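Engineer: just the structure for this:
(2 chains)
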Number of protein chains: 2
Amino acid sequence: MAFRISLHKDVLSGNQEWAERNLHLFNTNQIFTINLMSSPGAGKTSLLESVIPQLKKHARLAVIEGDLCTTLDAERIAQLGVRTVQINTQGACHLDARMINDVILRFPLTQIDLLIIENVGNLVCPADFYLGEHVRMTVLSVTEGADKAEKYPSVFRSANAILLNKIDLLPYVSFDLGRFRVVMSEMNPSAPIFPMSATSREGLTPWTDWILQTMREQKEQSE
Amino acid sequence: MAFRISLHKDVLSGNQEWAERNLHLFNTNQIFTINLMSSPGAGKTSLLESVIPQLKKHARLAVIEGDLCTTLDAERIAQLGVRTVQINTQGACHLDARMINDVILRFPLTQIDLLIIENVGNLVCPADFYLGEHVRMTVLSVTEGADKAEKYPSVFRSANAILLNKIDLLPYVSFDLGRFRVVMSEMNPSAPIFPMSATSREGLTPWTDWILQTMREQKEQSE
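Structural biologist: Model prediction:
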């Protein structure tokens, strides 16, 4: 067991070096970068489809799609006229910083203000791998249940914002919003919770406003 | 990269040895064992709560609950009067065969017919780790979308049965059941698909019948 733990540390320390290179590239080119994480099917791609037309009015966008296989998600995003690269992890359960570094130069970096990285659908492993992003967002859909922050704490604790998706389904599921808010207020009090629905389009504006405001603040800090 | 791949093989080969010990223990004691896998929040625990009262009439049950942390799921199952052990993986993204071996002797093995192992909520990593189980079941909830088998093929390809959960929500989500059936018929044609809902209790009987029938066949084979 000790062997495996030390290897895990080696992998993470190698990852950290690549993440710092990525961050340097992002900052040098004034690219604000978001790492979007969730379970499979929580709605990351649908949410991006819903807000990209609005975000495009304010920022030059690019998207990296992470999946084990297929280019389904990248095709959906590219249809919106956004520069998109698909990373297929060939079975790996998360994106790592080296994978991002391998593809980042395919983008014209000086022509991008906002890079959104959609991670592999997984509430566990992606949380361990810093990609060089400025902010992390964790999506939870109400159909998954309010106990998920307690059961998968790392991905909720390390998030800068929580997107509570599929609120149009709240009448049909037993999601305890009060409990979720209490748990998050103890686990990660500084992360705002944005209730929203990609289907009904409720709650999307506060989220896009937050992205654009945080992007502006990041840009001011780095100047 | 080669280093990491060879390590992965070492980990899996070590896991295989423990899995074979588990299988030997299960067969010696005539315990039919199920490995239940899904995304977080697909409804594994709720489904078990729904069918355990029925299964208990026909078999002496035990359950192992796998989670990163908390004993929330084990508490829910134990309330049904079933022997339950919680494994907390301390951040690890799947159960492995050694973890099962570590806890299995806490059960009175000669007094158990059916052991259900609820894996960590994760559509990626658990598929790589054989635990010594006789059958694997993968749960997909319709709220996750019909593209998940294509995007996470390993966990769907290696399943002996697919549980399509939350069908009470079909009127409210855009789940393409036809597409899912076509994909599964190519990917894993021998695995039956059981549509069901823990909430409305539709479709639970065909599933419990299949479990009990498969358990009887396994017992006959091993005699």
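Engineer: the residue minimising distance to the centre of chain A: which element?
Structural biologist: When CA atoms, centre = their mean is applied to chain A, the residue found nearest the centroid is A:Leu36 (0.8 Å). A:Leu36 belongs to strand A:32-38 when assigned by DSSP states H and E.
Engineer: is there proximity between that strand and chain B?
Structural biologist: No: Strand A:32-38 lies apart from chain B when judged by CB under 8 Å from any CB of the partner chain; the minimum separation is 9.2 Å. In this view, the C-beta of every residue, glycine as well, is placed from N, C-alpha and C.
Engineer: which neighbours does that strand have in its sheet, and in what orientation?
Structural biologist: Neighbouring strands of strand A:32-38 in its sheet, by DSSP bridges, are strand A:114-118 (parallel), strand A:135-141 (parallel).
Engineer: for chain A, what lies in contact range of chain B?
Structural biologist: For chain A, the contact set with chain B under CB under 8 Å from any CB comprises A:4, A:7, A:11, A:39-42, A:67-70, A:72, A:91, A:93, A:120-125, A:141, A:143-145, A:147-148, A:150-154, A:166, A:168-169, A:172-173.
Engineer: near A:Gln221, how many other residues are there?
Structural biologist: Look at A:Gln221: counted by other CB atoms under 10 Å in any protein chain shown, it has 9 neighbours.
Engineer: that one: what secondary structure?
Structural biologist: Put simply, A:Gln221 is helix when judged by DSSP: H, G, I helix; E, B strand; the rest coil.
Engineer: how close does it sit to chain B?
Structural biologist: Between A:Gln221 and chain B the computed distance is 32 Å (CB to the nearest CB, to the nearest Å).
Engineer: again, but for A:Ser50
Structural biologist: Going from A:Ser50 to chain B by CB to the nearest CB gives 14 Å.
Engineer: that residue sits in which helix or strand?
Structural biologist: helix A:44-55.
Engineer: contacting residues around that helix?
Structural biologist: Taking contacts as CB atoms under 8 Å, 6 or more residues apart in numbering or on different chains, the residues outside helix A:44-55 that touch it are A:36-38, A:61, A:63, A:65, A:73, A:76-77, A:80, A:82, A:114, A:116, A:118-119, A:121, A:139, A:163, A:165, A:196, A:198-199, A:201, A:204-205, A:207-208, A:211-212.
Engineer: show me what secondary structure element comes after that helix.
Structural biologist: Assigned by DSSP H and E, the successor of helix A:44-55 is strand A:61-67.
Engineer: what helices or strands is that following strand leaning on?
Structural biologist: Applying 3 or more CB pairs under 8 Å, 6 or more residues apart in numbering or on different chains; DSSP states H and E, one finds that strand A:61-67 contacts helix A:44-55, helix A:72-78, strand A:83-88, helix A:97-104, strand A:114-118.
Engineer: most packed of those?
Structural biologist: strand A:114-118 (a mean of 25; mean count of other CB atoms under 10 Å in any protein chain shown).
Engineer: which residues does it contact?
Structural biologist: With contact meaning CB under 8 Å, 6+ apart, strand A:114-118 is reached by A:26, A:31-36, A:44-45, A:48, A:55, A:59-66, A:73, A:95, A:100, A:107, A:131, A:133, A:211, A:215.
Engineer: what do you get if the cut-off is 6 Å, keeping everything else the same?
Structural biologist: Strand A:114-118 has contacts (CB atoms under 6 Å, 6 or more residues apart in numbering or on different chains) with A:31-36, A:44, A:59, A:61-65.
Engineer: pick the one among the residues you listed closest to A:Ser222.
Structural biologist: Lowest distance from A:Ser222 to the contacts of strand A:114-118 (CB to CB) belongs to A:Phe32, with 9.3 Å.
Engineer: which stretches of chain A have low pLDDT?
Structural biologist: Applying pLDDT under 70 to chain A flags residues A:1-8.
Engineer: go again using 80 as the cut-off
Structural biologist: A:1-11, A:222-223 (pLDDT under 80).
Engineer: where is the longest helix in chain A?
Structural biologist: As assigned by DSSP state H, the longest helix anywhere in chain A is helix A:2-28.
Engineer: specify the angle between that helix and strand A:32-38 in degrees.
Structural biologist: 140 degrees (axes from the mean of the first three to the mean of the last three CA atoms, to 10 degrees).
Engineer: please point out which parts of helix A:2-28 sit buried.
Structural biologist: By neighbour count on 16 or more other CB atoms under 10 Å in any protein chain shown, the buried set for helix A:2-28 is A:Val11, A:Asn15, A:Trp18, A:Ala19, A:Asn22, A:Leu23, A:Leu25, A:Phe26, A:Asn27.
Engineer: what is it packed up against?
Structural biologist: Secondary-structure packing of helix A:2-28 (3 or more CB pairs under 6 Å, 6 or more residues apart in numbering or on different chains; DSSP states H and E): helix A:97-104.
Engineer: just give me how far the helix it packs on sits from the chain centre.
Structural biologist: Relative to its parent chain, helix A:97-104 has a centroid offset of 16 Å by CA atoms, centre = their mean, to the nearest Å.
Engineer: repeat that for stretch A:78-90.
Structural biologist: Its chain's C-alpha centre and that of stretch A:78-90 lie 14 Å apart, by CA atoms, centre = their mean.
Engineer: what's next to that stretch, contact-wise?
Structural biologist: Contacts of stretch A:78-90 (CB under 6 Å, 6+ apart): A:52, A:61-66, A:68-69, A:71, A:74, A:77, A:99, A:103, A:106-107.
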